[in-house]
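> Take a look and give me a structure for this.
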Amino acid sequence: MKGPLMEGKLMERVLVTGAAGRIGRSVLGLLESRGVEAVALERSDPGDLPAARVVTGDATDPAAVGQALDGVDAVIHLAAIATPEWLPAEQVFGLNTLATFTVLEQAGLAGVRRVCLASSMAADGVPFAARELHPAYVPVDERLPSQSEDPYALSKQVDELTAATMARRHGMGIVALRLPYVGGFDERLDAFAARCAADPGAHARGYWAYLETRDAARACVLALGVPGPGVEVVNVCAPETMAKEPTEDLLRRYHPDAEVRAPLPGRTVPVDLSRAERLLGFTAEYRLQM
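Next up is the predicted model:
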């Protein structure tokens, strides 16, 4: 299978920001396997990225982003601070939102019309809140009202608003993927799954959702094939939880006041994945064996 179609033709060159990260490396490998040339934007070149060109610079720097966009058909924007726990609040919010604005604005000015943006399921404000929060209803969907209190959740809300603005401003088609906990089976995903099996409360705020790194990469590439203009916000995760207990039992225990709007048999993840299936044709292939 080759790369995604754009205006009836195959894309030839894709810019990947945050290319040396967990998802970024998997995206580069997937693009390479499909014969799509990649340009990588990273703060420093690790020397082992499977990209035709590596541009060193920050995603908040218009000059570096502009250089990386030369000859590019589409963008997968992954560069971000992935948690509010690593840096001061001002930096988490400021760096994330400025990077997204810069990348989308420069892409629009360069004539790029297809973008995949890494958002987060944490945009609803539940995972990183200083106090215990619960969703209003399950399965959670892209319309769930946000209760954001932390800078990371707020940054992802603003990123999605920025995407909507840039779609109007430049006539772009942008898909913002709300990603869950992401990892590979050979590293942190297995370890976190074991922790959740022992204590389901450890991931109750994330609805026990996960996505294997290769599936995350595939969702990013599929997102480039969604026609625009406009912005689409899409939840993507595996269809089952990483917990051993039945989902409805977990919800009664950890989110007892959430309205249950649809049956959730067995280990069904309490996340509405219908938009991912309809818009992207995406269903996760790599599943934890519990």
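> ok, now which ones touch Ser26?
Contacts for Ser26 (C-beta atoms under 8 Å, 6 or more residues apart in numbering) come out as Thr213, Arg214, Ala216, Ala217. For glycine as for every other residue, the C-beta is placed from the backbone atoms N, C-alpha and C.
> go on, Glu160?
Glu160 neighbours (C-beta under 8 Å, 6+ apart): Leu117, Ser119, Ala123, Ala176, Val231, Val233.
> Check which residues of whichever strand or helix holds it are buried.
Here Glu160 sits within helix 151-170, counting by DSSP states H and E. Residues 151-160, 162-163, 166-167, 170 are the ones in helix 151-170 that count as buried (16 or more other C-beta atoms under 10 Å).
> now swap in stretch 251-260 and tell me
Leu251, Tyr254, His255, Ala258.
> Kindly report the same for stretch 65-79.
Neighbour count says stretch 65-79 has 65-69, 72-79 buried, by 16+ other C-beta under 10 Å.
> would you list these in a markdown table and tack on secondary structure?
Shown next, in a markdown table, are the buried residues of stretch 65-79 (DSSP: H, G, I helix; E, B strand; the rest coil):
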| residue | secondary structure |
| --- | --- |
| Val65 | helix |
| Gly66 | helix |
| Gln67 | helix |
| Ala68 | helix |
| Leu69 | coil |
| Val72 | coil |
| Asp73 | coil |
| Ala74 | strand |
| Val75 | strand |
| Ile76 | strand |
| His77 | strand |
| Leu78 | coil |
| Ala79 | coil |
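> What are the contacting residues of stretch 183-201?
22, 181-182, 202-203, 208, 210, 212-214, 242-245, 250, 253-254, 286, 288, 290.
> mind checking how far Met172 is from Leu15?
Relative to Leu15, Met172 is positioned 14 Å away (C-beta to C-beta, to the nearest Å).
> okay, and the common contacts of these two?
Counting by C-beta under 8 Å, 6+ apart, the residues touching both Met172 and Leu15 are Ala107, Val112.
> Quick check on those two: which one has the bigger neighbour count.
Leu15 (29 against 22; other C-beta atoms under 10 Å).
> From the contact counts, what lies against the strand or helix carrying that one?
Assigned by DSSP H and E, Leu15 belongs to strand 13-17. Using 3 or more C-beta pairs under 8 Å, 6 or more residues apart in numbering; DSSP states H and E, the elements in contact with strand 13-17 are helix 22-33, strand 37-42, helix 62-68, strand 74-77, helix 89-109.
> Looking at these, which one is packed in the most?
strand 74-77 (a mean of 28; mean count of other C-beta atoms under 10 Å).
> what sits up against that one?
4, 6, 11, 14-18, 27, 59, 69, 99-100, 103-104, 107, 112-118, 220-221, 223-224.
> Restricting to C-alpha, output stretch 234-252 in CSV.
Extracted as CSV, the C-alpha positions of stretch 234-252 are listed here (Å, rounded to 0.1, in the frame of the first residue of the first chain):
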residue,chain,number,x,y,z
VAL,A,234,-11.1,12.3,15.9
ASN,A,235,-10.7,9.9,18.9
VAL,A,236,-8.3,7.0,18.2
CYS,A,237,-7.5,4.1,20.5
ALA,A,238,-7.8,0.3,20.7
PRO,A,239,-11.3,-0.9,20.9
GLU,A,240,-10.6,-2.8,24.2
THR,A,241,-9.3,-1.5,27.5
MET,A,242,-6.0,-2.4,29.1
ALA,A,243,-7.9,-3.5,32.2
LYS,A,244,-8.9,-7.1,33.0
GLU,A,245,-12.2,-6.2,34.6
PRO,A,246,-15.4,-5.6,32.6
THR,A,247,-15.7,-2.0,31.5
GLU,A,248,-19.2,-1.6,33.0
ASP,A,249,-17.9,-2.8,36.4
LEU,A,250,-15.0,-0.3,36.2
LEU,A,251,-17.3,2.6,35.3
ARG,A,252,-19.5,1.8,38.3
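> Filter the contacts of Ser26 down to just the buried residues.
Buried among those (16+ other C-beta under 10 Å): Thr213, Arg214, Ala216, Ala217.
> mind giving me TSV with the residues you listed and columns for distance to Gly35?
Formatted as TSV, the buried ones among the contacts of Ser26 follow (distance: C-beta to C-beta, whole Å):
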residue	distance to Gly35
Thr213	21
Arg214	18
Ala216	21
Ala217	16
